[in-house]
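K.L.:
Sequence unavailable; structure follows:
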């Protein structure tokens, strides 16, 4: 299992959106490989893995909201209960990840996430989801006061699904408290989304320092990449982006600054509001949706895994279409000017 966390010390940098939308893309990519993977695994005598599980460690639970699980709909144990080793009283055993993981389902006709218990018709399975609720706001205090070994706790938890999934994605909360630092100590890779402004860059720098501190305990932890989100065409945005590029170069750290960016776009919010869906599902041809494919493709160059060649092939096709469209627009503009 390959694990990646999306992290920033600050909020508002499209961290949750990146984690969720790119998890969906991973699920889509791996769905196209399902038959091939099953055949090769059967030939090798290995067990087929599930595509992806998304851990929501942000108490705001926005990831669950986007995946069709509103925060106030959660019942039963959550990730907080697993971390704190709470027990199921009737069964006298500790709660495990398998007890709380929720599947997600998409109606291919409407591109919406649906409740399988109240839906009739064909569905496509999305990422599995590990839920959280607002009561996890106390998790930093709870971990430090109840778990003397809290820095290793997430590594122990991840072992429960190590052989079950191809990928594990973590939506980490803003700030660098115990849940985040414990997860850093267990991850393979970190992705750093940031907005091209003072707040976004400060959030990146804080998360980067935390990664450096954690690498003494987690030797495998690497940066999958840093990238800009909510980018405008403003001169100030371009200046900040150049400053960050210089900052990374001068640091000598092995951190790819991706050329792919997530532009400021109304498509994401309009997809949720008007389509009741997410942009990579309901508006796959939009600039915003393609941007998430491009960013994920760049991240997968480091992360690897079975989804990487599928995403790379899809992105190459998208870029060819973009180039063709740009050529057609240029030709059309030239003809108009000549006609004038």
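P.N.:
All right, it came through fine. Here the structure is a predicted model, which means the values were calculated and not measured.
K.L.:
pLDDT weak spots in the stretch 51-200 of the chain?
P.N.:
By pLDDT under 70, the stretch 51-200 of the chain has no low-scoring segment.
K.L.:
all strands of it, in order?
P.N.:
Assigned by DSSP state E, counting those that start in this stretch, the strands in the stretch 51-200 of the chain fall at 87-88, 93-94, 105-107, 112-114, 124-125, 128-130, 165-171, 189-194.
K.L.:
What segments of the chain are helices?
P.N.:
15-44, 62-66, 79-83, 97-100, 139-146, 153-158, 178-184, 198-214, 235-251, 267-270, 279-282, 287-303, 307-339 (DSSP state H).
K.L.:
so how far is residue 116 from residue 185?
P.N.:
For residue 185, the distance to residue 116 (CB to CB, to the nearest Å) stands at 35 Å. The way it works is simple: take the backbone N, C-alpha and C, and place the C-beta from them, glycine included.
K.L.:
Looking only at neighbour counts, state which of the two leads.
P.N.:
Shown here are residue 185 and residue 116; by other CB atoms under 10 Å, residue 185 has more neighbours (19 against 13).
K.L.:
Quick check, the more buried one in contact with residue 219.
P.N.:
No. Residue 185 sits out of contact with residue 219 when judged by CB atoms under 8 Å, with a separation of 10.6 Å.
K.L.:
right, so of the strands of the stretch 51-200 of the chain, which gets closest to residue 156?
P.N.:
strand 93-94 (11.2 Å; CB to CB).
K.L.:
For that closest one, which outside residues touch it?
P.N.:
85, 86, 87, 88 (CB atoms under 8 Å, 6 or more residues apart in numbering).
K.L.:
try 7 Å
P.N.:
For strand 93-94, the surrounding residues in contact (CB atoms under 7 Å, 6 or more residues apart in numbering) are 85, 87.
K.L.:
Direction included, what does it pair against?
P.N.:
Neighbouring strands of strand 93-94 in its sheet, by DSSP bridges, are strand 87-88 (antiparallel).
K.L.:
how far is the partner strand from where the chain is centred?
P.N.:
Relative to the centre of its chain, strand 87-88 is centred 30 Å away, using CA atoms, centre = their mean, to the nearest Å.
K.L.:
So which residues make contact with stretch 50-67?
P.N.:
Against stretch 50-67 from outside (CB under 7 Å, 6+ apart): 16, 19-20, 23, 26-27, 30-31, 71, 79, 101, 104, 113, 126-134, 136-137, 161, 164-173, 179, 183, 278.
K.L.:
how does it look with 6 Å?
P.N.:
Identification of contacts with stretch 50-67 by CB atoms under 6 Å, 6 or more residues apart in numbering yields 16, 20, 23, 26-27, 30, 71, 104, 113, 127-132, 134, 136-137, 164-173, 179.
K.L.:
neighbours around residue 55, how many?
P.N.:
Counted with other CB under 10 Å, residues neighbouring residue 55 total 28.
K.L.:
starting at the chain centroid, how far to the top strand by length along the chain?
P.N.:
Secondary structure of the chain per DSSP state E: the longest strand is strand 222-231. Distance, stretch centre to chain centre, for strand 222-231: 12 Å (CA atoms, centre = their mean).
K.L.:
Hey, what's the angle from that strand to helix 287-303? Just curious.
P.N.:
170 degrees (axes from the mean of the first three to the mean of the last three CA atoms, to 10 degrees).
K.L.:
on that earlier part again, among the contacts of stretch 50-67, which ones are buried?
P.N.:
Neighbour-count burial (16 or more other CB atoms under 10 Å) is assigned, among these, to 16, 20, 23, 26-27, 30, 71, 104, 113, 127-132, 136, 164-173, 179.
K.L.:
How many residues are close by residue 83?
P.N.:
25.
K.L.:
same thing with residue 331?
P.N.:
Counted with other CB under 10 Å, the neighbours of residue 331 add up to 10.
K.L.:
Distance of it relative to residue 231?
P.N.:
From residue 331 to residue 231 the distance is 28 Å (CB to CB).
K.L.:
Residue 143 now?
P.N.:
Computed with CB to CB, the distance linking residue 143 and residue 231 is 36 Å.
K.L.:
ok, and the closest non-adjacent residue to residue 4?
P.N.:
Distance criterion CB to CB, 6 or more residues apart in numbering; nearest residue to residue 4, sequence neighbours excluded, is residue 189 at 4.4 Å.
K.L.:
Which residues does that neighbour form beta bridges with?
P.N.:
Bridge pairing for residue 189 - DSSP bridges - gives residue 4, residue 222.
K.L.:
Do I have it right that it meets residue 224?
P.N.:
Yes. With contacts counted by CB atoms under 6 Å, residue 189 reaches residue 224, the gap being 4.0 Å.
K.L.:
Tell me which of the two has more neighbours.
P.N.:
A side-by-side neighbour count of residue 189 and residue 224, using other CB under 10 Å, places residue 224 first with 25 against 18.
K.L.:
Next up, the contacts around the more buried one.
P.N.:
Counting by CB under 6 Å, 6+ apart, residue 224 has contacts 4, 189, 191, 299, 302, 303.
K.L.:
how far away is the first one from residue 219?
P.N.:
Right, residue 4. Counting by CB to CB, the gap from residue 4 to residue 219 is 17 Å.
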